[in-house]
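1. Return a 3D structure for these sequence lines:
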Amino acid sequence: DIVSAALADLAGAALEASLAVARSRVSGTGPGTFPREQVAATRFAIIAMGKTGVRELNYVSDVDVIFVGGTADEEVVSEARAIDIGTRLAVQTMRGISGPEIEPPLWEV
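-> Numbering: from 1, shown residues only. As a prediction, the model looks like this:
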């Protein structure tokens, strides 16, 4: 169905945008942030599952995803530190999608 596929594509775009904001929020020199080069060296993927993954999302669907993280360069960021960064990226990404921001929440992640 065209509508279901479009909704899944919108969910994917919203996740990409939220991840971009999350990367910005966790990168820096302030408290609770990680050095920018470590965040850049952290591999992070969002894998769509369920109705999202098969592009059959509907208006009441949850957006089911799996977050996967690791290091792209052990000399810049250790695997353990990359997992910490990935965890923070996942939390911030979910918060951007399903938490109250300027706009109301989009989907339950």
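2. Hmm, Ala82 is touching Val39, no?
-> No: between Ala82 and Val39 there is no contact under C-beta atoms under 8 Å: 9.3 Å. (Each C-beta comes from the backbone N, C-alpha and C, glycine too.)
3. Cross-check the contact I'm expecting between Val21 and Ile97.
-> No: applying C-beta under 8 Å, one finds Val21 not in contact with Ile97, separated by 10.2 Å.
4. Compare neighbour counts for these two and give me the winner.
-> Just comparing Val21 and Ile97: by other C-beta atoms under 10 Å the higher neighbour count belongs to Ile97, 22 against 14.
5. helices or strands up against the host helix or strand of that one?
-> In the assignment (DSSP states H and E), Ile97 maps to helix 79-98. Helices and strands touching helix 79-98, by 3 or more C-beta pairs under 8 Å, 6 or more residues apart in numbering; DSSP states H and E, are helix 2-26, helix 36-40, strand 42-48, strand 65-71.
6. Let's see that helix as PDB, backbone CA atoms only.
-> Extracted as PDB, the C-alpha positions of helix 79-98 are listed here (Å, rounded to 0.1, in the frame of the first residue of the first chain):
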ATOM      1  CA  GLU A  79      35.000  -0.300  21.500                       C
ATOM      2  CA  ALA A  80      33.700   0.300  25.100                       C
ATOM      3  CA  ARG A  81      33.700   4.000  24.600                       C
ATOM      4  CA  ALA A  82      31.900   3.700  21.200                       C
ATOM      5  CA  ILE A  83      29.200   1.600  22.900                       C
ATOM      6  CA  ASP A  84      28.800   4.400  25.500                       C
ATOM      7  CA  ILE A  85      28.500   6.900  22.700                       C
ATOM      8  CA  GLY A  86      26.100   4.700  20.700                       C
ATOM      9  CA  THR A  87      23.900   4.300  23.800                       C
ATOM     10  CA  ARG A  88      23.700   8.100  24.200                       C
ATOM     11  CA  LEU A  89      23.000   8.500  20.500                       C
ATOM     12  CA  ALA A  90      20.200   5.900  20.800                       C
ATOM     13  CA  VAL A  91      18.600   7.700  23.800                       C
ATOM     14  CA  GLN A  92      18.800  11.100  22.200                       C
ATOM     15  CA  THR A  93      17.400   9.800  18.900                       C
ATOM     16  CA  MET A  94      14.500   8.200  20.700                       C
ATOM     17  CA  ARG A  95      13.900  11.300  22.700                       C
ATOM     18  CA  GLY A  96      13.800  13.400  19.500                       C
ATOM     19  CA  ILE A  97      11.100  11.100  18.000                       C
ATOM     20  CA  SER A  98       8.900  10.200  20.900                       C
END
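7. Having no further points to raise, I will conclude here.
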